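**Q** predicted model, plus sequence, below.
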There are 2 protein chains.
Amino acid sequence: MSKPTPISGFPEWTPGQRMIEQFVLDKIRATFELYGFAPLETRAVEPLDQLLRKGETSKEVYVIRRLHADAEGASGDDQLGLHFDLTVPFARYVLENAGKLAFPFRRYQIQKVWRGERPQEGRYREFVQADIDIVDRDTLAPHHEAEMPLVIGDALRALPIPPVTIQVNNRKICEGFYRGIGLTDPEATLRAVDKLDKIGPVKVAELLAQTAGASEAQAKACLALAEISAPDASFADAVRALGVTDPLLDEGIEELVRVVETAAEHSPGLCVADLRIARGLDYYTGTVYETQLRGYERFGSICSGGRYDNLASAGATSYPGVGISIGVTRLLGLLFGAGELSISREVPTAVLVAVTSEERRSASNRVAEALRRRGVPTEVSPSAAKFGKQIRYAERRGIPYVWFPGVDGAPDEVKDIRSGEQVTAGAGEWMPPREDVKPAVG
Amino acid sequence: MSKPTPISGFPEWTPGQRMIEQFVLDKIRATFELYGFAPLETRAVEPLDQLLRKGETSKEVYVIRRLHADAEGASGDDQLGLHFDLTVPFARYVLENAGKLAFPFRRYQIQKVWRGERPQEGRYREFVQADIDIVDRDTLAPHHEAEMPLVIGDALRALPIPPVTIQVNNRKICEGFYRGIGLTDPEATLRAVDKLDKIGPVKVAELLAQTAGASEAQAKACLALAEISAPDASFADAVRALGVTDPLLDEGIEELVRVVETAAEHSPGLCVADLRIARGLDYYTGTVYETQLRGYERFGSICSGGRYDNLASAGATSYPGVGISIGVTRLLGLLFGAGELSISREVPTAVLVAVTSEERRSASNRVAEALRRRGVPTEVSPSAAKFGKQIRYAERRGIPYVWFPGVDGAPDEVKDIRSGEQVTAGAGEWMPPREDVKPAVG
């Protein structure tokens, strides 16, 4: 067999990197659970017609079929595709199980998703997302929008990554403001403003004129709004100073003040009201979130989301919600690339038990068993080679301790192969220092 | 949107069941790590030609393609399929990264796999497997075959499931024995004997005559071998009593004695040498494993594997290994169906903090923050409705405690809504009993 090669866009971490990823996912999950989000996992596939409801990502869908599909499987109705986010499957799950769920329903979902996009740095075809959403029936209280930054702030603070800033805005502010200055196509206006970081204010003004029918004064007002940014409720004064009035604008300001103030009480400096944050997706209707890694702003947002009034609907019932998604693979890929994350060893093992001879392997097995019973990850040496060679086995993997079973009544000894220190020890009592039990992520 | 319906073969657990699954996966992973297996996760897709190397499962492969694939993506060479097990991807990973890995390489891998088989009870199209393998370069010491039942025994014993019996056999015993009695097609013989449980001895004897050219006496000898079963090394005497001699048979007996004795020392009663265990797959060359849940033998094996001499090869280098795989979704699906697994609540939340009025929500947020900081999963009530209604919110989800923030200088109180007991408490000190912090799985 010829040597296989990687497939572009389908990343595979080394075991050491995978340990870091697990550490990160465990921390995220623990935080989500501390906030009472229940876990959910949906199947990897959805009916193709469900996946194509959001027009703009339809090009990215992977469809699947059985290699030897029979006639029933080939018909269009049954076509299945891999999910490209966790929101579409969640919406479907809520509709399918609405009768069994207790609302408001808080769930987290950490899963792989697939998109057939052109791979590039930080953009993959297979990647992990970690989502939380709170969905209710008919109405959803706005305080849930203020809760999202608390959860995300705690989750990301628990990780060995640079500090983050969560940028928040409210679509009602934008829409109300645009309406207040006489622009009639808020979608087109938002889409143009959303390009501010990419193309700059001059080009955005041109785009506003072309696609949203904005006059020079209207474009200028839109840009002035987008330039407002403050770590506290003072953003509201800056908006009001622009002299535009509209009831939806007032509602949006009130909601955003609440988000910023709730966050400031919990985590000063975490949240910034940044009125250029637009999030292109049509379905957001209230607060929107983006998250920057400080010092790595060039990475773009690593965690985004927002409030939507209509996640799904069935007959007269609608399901408004608010959600946010951490791009775990993207975050890790970028930080691995920047050399920002490391782990103290390549295996979980803390102790390698040496084997004095193959006949005495069961004695080494008993030592390992006693250590494992007390939670110490332990391997038994694969060979009864000279101790030097067995120690090399540990060294190559970063295993910090080698255990030597005593022969002929001599006591056991354990050696810290980093310092060379060797002490007498009993497998029923000895413990490595707490920081050596598991690999340290930093 | 009309109400969506489940897709046959793609199971979705409720949040409560998902918490049980996570509990199970955490325990399995913890045990694998205690034995020093490093985590690995491979991409979900492999080149189709890799997936089709094992002829017999080719019909089950799901191929994927981008919905709007351009010319490059449509050519046969680039065709990708979803992996149907974790062994094929692992073999590919080892070849691809052989230069970077330290051998013997111990890895575990817990992932979803997909098979386009016809769904039925306990057989899914999307399911989770939990695999361990130890792979070495050129040669692999046989003691690794004796280690597998220890790991699996510990992993399964940590789960809230009935006790298990691991049935072990050795392909060398079968092949050596068949050769010793003059049968020349060991594969065909094994395949026939493998059907013993399904079709019984009379039909197996017929099949042996038809497909392996066995005489009546040869068929009888094969069946006599398959009937041997013992919880200890006495199986060896029973084999020898059949009067067949062959060097490969002797090697197999010696190896199987070691597996059974190592397991008996670690976990008496866990392992049984059962010489009818054949495992149809061609590539096993030594010990093979199957695992029965006691009292649920009708479920079939929930954990299987074996020794293979040639996981992969590159030029003159071969990679022998031994591995075993827990069918997690299958196990859970069957036990959920049998009503064997339950959880004490449907959400992670231990405490619901009541809200006395929307103006005072931030006081409730502070209580929640203090509890979470000490590891207590806490939600704040979504509404400031009457306390009775807030308590109902907790009751419906099985949340055991409701916290009432004190108003106007009164102290906070916390109520166990199961017993009705209500006590004065401080959010900085109070802890629920240990068993209430997380949902209990049983």
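**A** Nice, I can see it. Numbering: from 1, shown residues only, chains lettered A, B, ... in the order given.

**Q** so what's the residue nearest to the spatial centre of chain A up against?
**A** Central residue of chain A (C-alpha atoms, centre = their mean): A:I326, 2.3 Å from the mean position. Neighbouring residues of A:I326 by C-beta atoms under 8 Å, 6 or more residues apart in numbering or on different chains: A:28, A:129-131, A:152, A:155-156, A:302-303. Heads up, the C-betas are built off the backbone N, CA and C, glycines and all.

**Q** ok, A:E60 next?
**A** A:84, A:115-117, B:66-67.

**Q** what do you get if the cut-off is 10 Å, keeping everything else the same?
**A** A:51, A:81-82, A:84-85, A:114-118, A:125, B:66-68 (C-beta atoms under 10 Å, 6 or more residues apart in numbering or on different chains).

**Q** likewise A:K3?
**A** B:92, B:95-99, B:314-315.

**Q** at 8 Å what do you get?
**A** By C-beta under 8 Å, 6+ apart, the neighbours of A:K3 are B:95-96, B:314.

**Q** if we can go back for a sec, buried subset of the contacts of A:E60?
**A** Buried by 16 or more other C-beta atoms under 10 Å in any protein chain shown: A:51, A:81-82, A:84-85, A:114-116, A:125, B:66-67, out of these.

**Q** restricted to helices, list the residues you listed.
**A** A:L51 (DSSP state H).

**Q** hang on, the earlier thing: and the residue nearest to the centre of chain A, that's in a strand?
**A** Yes - applying DSSP: H, G, I helix; E, B strand; the rest coil, one finds A:I326 inside a strand.

**Q** low-confidence regions, the stretch 51-200 of chain A specifically.
**A** Along the stretch 51-200 of chain A, segments meeting pLDDT under 70 span A:54-59, A:70-78.

**Q** so which bits of stretch A:330-349 are buried?
**A** A:330-336, A:340-341, A:343, A:345-349.

**Q** need the helices for the stretch 151-300 of chain A, in chain order.
**A** A:171-180, A:186-193, A:196-212, A:216-226, A:234-240, A:247-266 (DSSP state H, counting those that start in this stretch).

**Q** between the contacts of A:K3, which is nearest A:Q22?
**A** For the contacts of A:K3, the residue nearest A:Q22 by C-beta to C-beta is B:E96; the value is 21.4 Å.

**Q** OK, contacts around the closest one?
**A** A:3-6.

**Q** the same query, at a cut-off of 10 Å, please.
**A** B:E96 touches A:3-6, A:12, B:42, B:312, B:314, counting by C-beta under 10 Å, 6+ apart.

**Q** turn the contacts of A:E60 into CSV, columns for distance to B:E33.
**A** CSV is the format used below for those (distance: C-beta to C-beta, whole Å):
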residue, distance to B:E33
A:L51, 37
A:G81, 35
A:L82, 30
A:F84, 32
A:D85, 31
A:W114, 28
A:R115, 32
A:G116, 35
A:E117, 34
A:R118, 37
A:R125, 29
B:R66, 37
B:L67, 40
B:H68, 43
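
**Q** so which of these are in strands?
**A** Taking DSSP state E as the definition of strands, those contribute A:81-82, A:114, B:66.

**Q** between those, which is nearest A:T262?
**A** A:W114 (35.4 Å).

**Q** partner residues bridging that closest one?
**A** A:E126 (DSSP bridges).

**Q** ok, so of the buried ones among the contacts of A:E60, who is nearest B:A241?
**A** A:L82 (56.1 Å).

**Q** out of the contacts of A:K3, which are inside strands?
**A** B:A314.

**Q** picking up where we left off before, the residue nearest to the centre of chain A and A:S301: what is the separation?
**A** Distance, A:I326 to A:S301, using C-beta to C-beta, to the nearest Å: 10 Å.
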